[in-house]
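Q: Compute the structure for the input listed below.
(chains A and B)
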Amino acid sequence: MPNLKELADKCENLAFDLNFTEAKSWKAKDSKRVIIGYMPVYFPREIIHAVNGLAVGILGGGDRKQIVVGDAYYQSYICHIPRGIIEMALSGHFTGFDGFVFPSICDVIRNLSGMFQMSKIGQFAKYMDFPQDFNPEIGGKFYIQEMDSVLSKIKEINGVELTVENLNRSIGLYNKNRKLIERIYDIRQSYPWRLSAVDTYHIIRAGMVIPVEEHNEILEQLIEEISKEFGDPMDKIKVVVTGAFCEQPPVSLIRTIELAGCYVVDDDFMLGSRWLQTQVDDTTDNPKLALSDAYLNYSAFSSSVYDVGNPKSKRLIELVKRRKADGIIFAAPSFCDPALLDKPIYNQECDKAGIRYINFQYHENIGQFKVIKEQVGAFSDSIKLWDVEA
Amino acid sequence: MDNGIITIGIDVGSSYVKTVLLSYSENIEILDHHIEKIRKRNPAIVAEESINFLLDKNNLVYEDIVYLASTGEGEMVERKKGHFYSMTTHARGATFLFNNVDFVVDMGALYVKAIKIDKVGRVLDYKMTGQCASGSGQFIENISRYLGLAISEVGEMSLKSKAPETPSGICAVLAETDVINMVSRGISTPDIVKGIHISVANRVIKLLNSLKADGTIVLTGGMASNIGMVQTVKELAEKAGLNPDNIKAHPNSIVAGALGAAIWAGFRYNKLNAKALSN
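A: Okay, the predicted model is just below:
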């Protein structure tokens, strides 16, 4: 069995293979297989898996892809991730992908789906709207129609019909995947020195580009490794990092947060992989309804979701308490309207709850971390050395 | 030594690694310290060697140290228990060396930081020099090398100046060109050296002014051990309306960061122990 370092290295290579070699070689083994690219935040990958497809997360090129033409597609006041994705699309990274799904996040991503359509990248590019009405008779029905719309487009490509049995099986596999990921976060909450936040990031991100069966195997091996006693804790504060649910921070930024005196015990980097906070029923006669109910009732909180009945600020405070974190780092991408509009609401709730926090912004290919390091270092020290804020 | 717990603070700078061995109790006592120039070596290795040097010299083993804290660029120190931010440690070091400190100026090899602190040494605000090396200790070291002086000589040398010549304060490259011109014009070495001290001290005063500094100002970092620099900062402070008597430097100012880290190490050790007991 591979050791921890080997697993982490393998996942890093998978996560940042901008040519999606694994996914493409998986597809090459069967002419009826399809690859469907999807953007953050959340997409029900189960439905793709059940029709002989692989849902592959597309997260931009980060700091590994130079933007040349991408900037021509977006104004300077737009976030960075769509530039990276259109750059990758136009330079052939998505060759072999059959279709693309752009889940509802914001106007920018909706427009990106239009660019894919006009540029004829893949056989379809669907902007997938998610219900903002959580009544199953309204939002639930709408959501199932949206899933059906994606399935009909895939059927046109590979002719595979969705069956109850297959979807239940897929739901079971993704249930297991989320359970294993949560287990890793739970272990890290108590023993964060056993697996760095950077390695955790690579390991979860790798799951967006390989079949879920393989990812589950990696996660099981990893859990076995980090369940062993090793290493000593350092004197660091525990933080929850939030705001990075769509455009991903460069790995060096996550590393900087750790080096500056923090253990990241929870985050929203790969939120889509942890979105459903329940085990979806995989024994039902209507698995699409089960997926829909899970979405309506057990979604993670995010700035991309309207949630007046269950405010995200309250849920963030609950998360901080559950993870026994000392503070929150609000790290939002520059020009990310959803994250930045929510920030004052979160900040206000933290003030009320007496939870300390800092705010900063980044973009996916930021290369200078000195200021962030100073800020996070000062934050860490202030919590370690003084019980109350200055 | 009383019955204090023993801690180590290690400050990894861009030119030097400073290490302090401390006895932490109600009566904090510096047991020993060590300053090692990095000289193009791997700082992580220099740090390890510095720790071992102090341990061996004081007949201690690593297990005797309850908490080893790093600061500065010390994230790479393998055996550390925790890392503190350099402003926090310089502030704490300064408040140990002097009473009632209001501002700390960390005068390092790469930049100068003016830090406003409260009565318990907490950082309230700061300003630092920009990217240009002309406001840094490295700049003084470079010029002294061009002039054939050891860094330890420049302070004394600057005190002999009669008519200082100030180079460009904007850019280190231009300033170095200015110095070459000064040499060819026959300007005396003390006047050139004093001029570069004025150039750096001007930046210090600008930072202090931007923080509306008042009260006791403690200079820390490598340049604070240069008596010529301390004298020049005092002279320019007086011209800027600050009381030069309030500007202070201590023989241990150069290790203030490591000292602060060692003190905070003792504080955290006790705090973590108390937390563990209460659980």
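Q: what about chain A, any weak spots by pLDDT?
A: A:388-390 (pLDDT under 70).
Q: got the domain boundaries for it?
A: Following automatic domain parsing, chain A resolves into domains at A:18-160, A:230-389.
Q: Save the ones you listed as CSV, and put in mean neighbour count too.
A: From N, CA and C alone the C-beta is placed, and that goes for glycine too. Formatted as CSV, the domains of chain A follow (neighbours: other C-beta atoms under 10 Å in any protein chain shown):
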stretch, mean neighbour count
domain A:18-160, 19
domain A:230-389, 19
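Q: Quick one: closest of those domains to B:Glu49.
A: When those are compared by C-beta to C-beta, domain A:230-389 sits nearest B:Glu49, at 21.7 Å.
Q: From B:Val101, how far off is the residue of the stretch 151-279 of chain B at minimum distance from chain A?
A: Proximity of the stretch 151-279 of chain B to chain A (C-beta to the nearest C-beta) peaks at B:Arg268, 5.6 Å away. Using C-beta to C-beta, to the nearest Å, B:Arg268 is found at 21 Å from B:Val101.
Q: related to what we said a few turns ago, so the residue of the stretch 151-279 of chain B closest to chain A makes contact with A:Asp235?
A: Yes. Shown here, B:Arg268 and A:Asp235 form a contact pair, counting by C-beta atoms under 8 Å, at 5.6 Å.
Q: Can you pull the residues that touch both of these two?
A: When contacts are counted by C-beta atoms under 8 Å, 6 or more residues apart in numbering or on different chains, B:Arg268 and A:Asp235 are jointly contacted by A:Lys384, B:Tyr67, B:Lys81, B:Gly82.
Q: Run through the bridge partners of the last one.
A: Taking DSSP bridges, one obtains A:Asp235, B:Ala69 as the residues bridged to B:Gly82.
Q: who's in contact with it?
A: Shown here is B:Gly82, whose contacts under the criterion C-beta under 8 Å, 6+ apart are A:Met234, A:Asp235, A:Lys236, A:Gly261, A:Lys384, B:Tyr67, B:Ala69, B:Ser70, B:Ala265, B:Arg268.
Q: Compile those into TSV and extend it with columns for distance to B:Glu48.
A: Listed next are these as TSV, based on distance: C-beta to C-beta, whole Å:
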residue	distance to B:Glu48
A:Met234	17
A:Asp235	19
A:Lys236	21
A:Gly261	21
A:Lys384	24
B:Tyr67	17
B:Ala69	15
B:Ser70	11
B:Ala265	17
B:Arg268	22
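Q: which one of B:Arg268 and B:Val101 has more residues nearby?
A: Taking other C-beta atoms under 10 Å in any protein chain shown, B:Arg268 and B:Val101 do not tie; B:Val101 has more neighbours (23 against 20).
Q: Around chain A, pick out the residues from the stretch 1-150 of chain B.
A: With C-beta under 8 Å from any C-beta of the partner chain as the criterion, the stretch 1-150 of chain B meets chain A at residues B:67, B:75, B:80-88, B:118, B:120, B:122-124.
Q: Which of those residues fall within strands?
A: B:Tyr67, B:Gly82, B:His83, B:Val123, B:Leu124 (DSSP state E).
Q: Let me know the closest of these to chain A.
A: Relative to chain A, the closest of these is B:Gly82; by C-beta to the nearest C-beta it sits at 3.2 Å.
Q: Now do the same for the closest one: its pLDDT.
A: B:Gly82 is assigned 95 on the pLDDT scale.
Q: Does anything pack onto the lowest-mean-pLDDT helix or strand in chain B? Which helices or strands?
A: Counting by mean pLDDT, DSSP states H and E, chain B has its least confident helix or strand at helix B:172-184, which shows a mean of 81. Contact partners of helix B:172-184 among helices and strands, from 3 or more C-beta pairs under 8 Å, 6 or more residues apart in numbering or on different chains; DSSP states H and E: helix B:137-146, helix B:189-210.
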